[in-house]
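Trainee: show me the folded form of this:
(one chain, ligands or ions: 3)
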Amino acid sequence: MSSDADADLSDRVNNRSHRPSSTAFRDFVASGWDRTPLTNVAPLPAAAWTPARRAAVSRRFPGERVVVPAGPLKVRSNDTDYRFRAHSAFIHLTGLETESEPDALLVFEPDTAAGAPESEGHSVTLWFRPRAGADTEEFFSDARYGEYWVGPRDDLDTMSVRTGIRTADSSTAVDAITKDLGSVSVRVVRGADQSVEQAIDAARAQVGADQDASLAGDDELAEFLSELRLIKDDHEVGQLRRAIEITRAGFDRAVASLQDAVAHPRGERVIETSFESAARLDGYGVGYDTIAAAGDHACTLHWIRNDGTVRRGDLVLLDAGAEADSLYTADITRTLPVDGVFTPVQGRIYDAVLEAADAAFATAASHVHGPVRFRDVHAAAMEVIAQRLHDFGLLPVSVEESLSDAGQQHRRWMVHGTSHHLGLDVHDCAQARRDMYLDGLLEPGMVFTIEPGLYFKAADRLVPEEFRGIGIRIEDDVLVTEDGVENLSAGFPRTRAEVEAWTQRLAPGRAH
Ligand code: GLY
Ligand code: MN
Ligand code: MN
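Mentor: Ligands and ions are numbered 1, 2, ... in the order given. This next block holds a predicted model:
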């Protein structure tokens, strides 16, 4: 049984240090703060680019309300939250960066005021929780939102200056998005904020809206917002370049750590943390969990435990991407010889993967001569992979049979795809329709990865012993241009000789 002195379960934070509640304390803590309005507030770097994105949404859904939630803070445990990251559709349409803005909603309201349509027929409002006065309880006692705890927050004006969007206090946002559903239909981005979805679902039910049709409408919105990001504007390409530049510096740090990695029982962590220090110092962090995989671990495609030993003679597969402050991420893989030289068998496999990557690049670049579908890039890489596996004596069938839909035996050694779109999400545009993604034509402004690999697990009885425990991937980030493609990660050593020279220069001291 609990004693009288116990707080409610929800307030057990007082277990750690009892928070004073005397009137004297409250009066004193609320007084004497310099609360001059925030100054030097400038438009966000993306603010010049987001109006066109919002206008596209407005054109696509005339006369309808569209709700794009940022999403709430997510509890890690008790009163400790994960670092906040807003839903990517919200970031794309507002231009907000880093930790902005939990619980916010971007709402497109059909503009019925005759003669005053704005933004293609909607008024757009960013509903969020503005900074509270220093005399409020929130300021000093709210560990999730109070400025005493989390640092400066925007007020309605500064948020408006930064985003270029009209703002409103989110305390009345739910009413605004659920009102009048008898006369206006609403679509919401699902998967970002459950409480917003529940409020909308309840309001829809109240007016007798067809649940299945409503959900299908929401799916259409998700598809559209995903497809809106298939072609990057110049600002986005600039941010991807920035993310790749930070990633390049991170790879140098990681390569330079190879000898320390050999000396540490969890050498993979040495490599991981070396990369991530650059990502965090120069960017916002990593765009996905780093894969630092030595030896056979490289054959585990999502090896993110990174707790293995790094041995001389091993290859280390490092798949890592820094996320810029704008939240655009790079996605790069290089496979590094710890000793600064590839063994002959490692070299043969490396060159096969590189050849597959080059074939994929060539196919992507050929869009200037005629239509190229996204899936063709993968097919080009697979032709090389199947051919080289045949040359290694591993394919149980002919190259042609393996490449046929009824075959595909070569995929045993590369089960993942060759490419995915890249942007705010590492696997960007994931809700796009197949016609627009896999079967879509390459167009200038698209950014995607080219990342073939070959993985011969130590437990693979179908390959010669000398192949076992070797996993190699080479991953670059590619921009489709008017005259072909640009390898945005061209600044990374890529050929076998370049990679050897890189490791020898930055991690000297091995036996090569
Ligand atoms: N790092 C995840 C990927 O390459 O797709
Ligand atoms: Mn990757
Ligand atoms: Mn990738």
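Trainee: any idea how far the residue of the stretch 251-400 of the chain found nearest ligand 3 is from ligand 1?
Mentor: Nearest to ligand 3, among the residues of the stretch 251-400 of the chain, is residue 331, at 4.2 Å (C-beta to the ion). For glycine as for every other residue, the C-beta is placed from the backbone atoms N, C-alpha and C. With the distance defined as C-beta to the nearest ligand atom, to the nearest Å, residue 331 ends up 5 Å from ligand 1.
Trainee: ok, residue 422 next?
Mentor: Residue 422 is 9 Å from ligand 1, by C-beta to the nearest ligand atom.
Trainee: and that residue, what pLDDT?
Mentor: pLDDT for residue 422: 98.
Trainee: any idea which helix or strand in this structure has the lowest mean pLDDT?
Mentor: Across the helices and strands of the chain, mean pLDDT, DSSP states H and E gives its lowest value to helix 137-141, namely a mean of 88.
Trainee: may I see the buried residues of it?
Mentor: 138, 139, 140 (16 or more other C-beta atoms under 10 Å).
Trainee: which helices and strands does that helix pack with?
Mentor: The helices and strands touching helix 137-141, judged by 3 or more C-beta pairs under 8 Å, 6 or more residues apart in numbering; DSSP states H and E, are helix 147-150.
Trainee: in space, what's closest to the residue in the stretch 1-150 of the chain that ligand 1 sits nearest to - neighbours in sequence excluded?
Mentor: Proximity of the stretch 1-150 of the chain to ligand 1 (C-beta to the nearest ligand atom) peaks at residue 88, 15.7 Å away. Excluding the flanking residues, the one nearest residue 88 by C-beta to C-beta, 6 or more residues apart in numbering is residue 424, at 4.1 Å.
Trainee: try residue 310
Mentor: Distance criterion C-beta to C-beta, 6+ apart; nearest residue to residue 310, sequence neighbours excluded, is residue 267 at 3.2 Å.
Trainee: cool, residue 53 as well?
Mentor: residue 93 (5.5 Å).
Trainee: tell me which element that neighbour falls in.
Mentor: Under the criterion of DSSP states H and E, residue 93 resides in helix 88-94.
Trainee: what lies in contact with the next helix or strand after that helix?
Mentor: Later in the chain than helix 88-94, the nearest helix or strand by DSSP H and E is strand 105-110. The contact list for strand 105-110 (C-beta atoms under 8 Å, 6 or more residues apart in numbering) reads 54, 57-58, 61-70, 90, 93-94, 119, 121-128, 165, 170, 173, 176-177, 184, 193, 196.
Trainee: next one: stretch 134-147
Mentor: With contacts defined as C-beta under 8 Å, 6+ apart, stretch 134-147 is touched by 13, 19, 29-31, 33, 35, 73, 79, 81, 102, 129, 131-133, 148-150, 153.
Trainee: now the strands: where do they sit in the stretch 301-450 of the chain?
Mentor: In the stretch 301-450 of the chain, the strands defined using DSSP state E, counting those that start in this stretch lie at 315-320, 322-323, 332-337, 447-450.
Trainee: and for the closest residue to residue 329 other than its chain neighbours, the neighbour number?
Mentor: Counting by C-beta to C-beta, 6+ apart, residue 287 is the residue found nearest to residue 329 once chain neighbours are left out, at 2.5 Å. Look at residue 287: counted by other C-beta atoms under 10 Å, it has 25 neighbours.
Trainee: if I pick residue 287, what's in contact with it?
Mentor: 243, 321, 322, 323, 329, 330, 331, 426.
Trainee: check residue 508 too.
Mentor: By C-beta under 8 Å, 6+ apart, the contact list for residue 508 reads residue 340.
Trainee: hang on, the earlier thing: just the buried residues of the contacts of strand 105-110.
Mentor: Buried by 16+ other C-beta under 10 Å: 54, 57-58, 61, 64-70, 90, 93-94, 119, 121-128, 165, 170, 173, 176-177, 193, 196, out of those.
Trainee: what's the angle between the strand or helix carrying residue 273 and strand 332-337?
Mentor: Residue 273 is located in helix 267-282, with elements delineated by DSSP H and E. Helix 267-282 and strand 332-337 are oriented at 140 degrees to each other (axes from the mean of the first three to the mean of the last three C-alpha atoms, to 10 degrees).
Trainee: got a list of contacts for stretch 245-259?
Mentor: The contact list for stretch 245-259 (C-beta under 8 Å, 6+ apart) reads 270-272, 274-279, 282-283, 292, 310, 316, 318, 320-322, 324, 330, 332, 334, 336, 338, 489, 491-492, 502-503, 506-507, 509-510.
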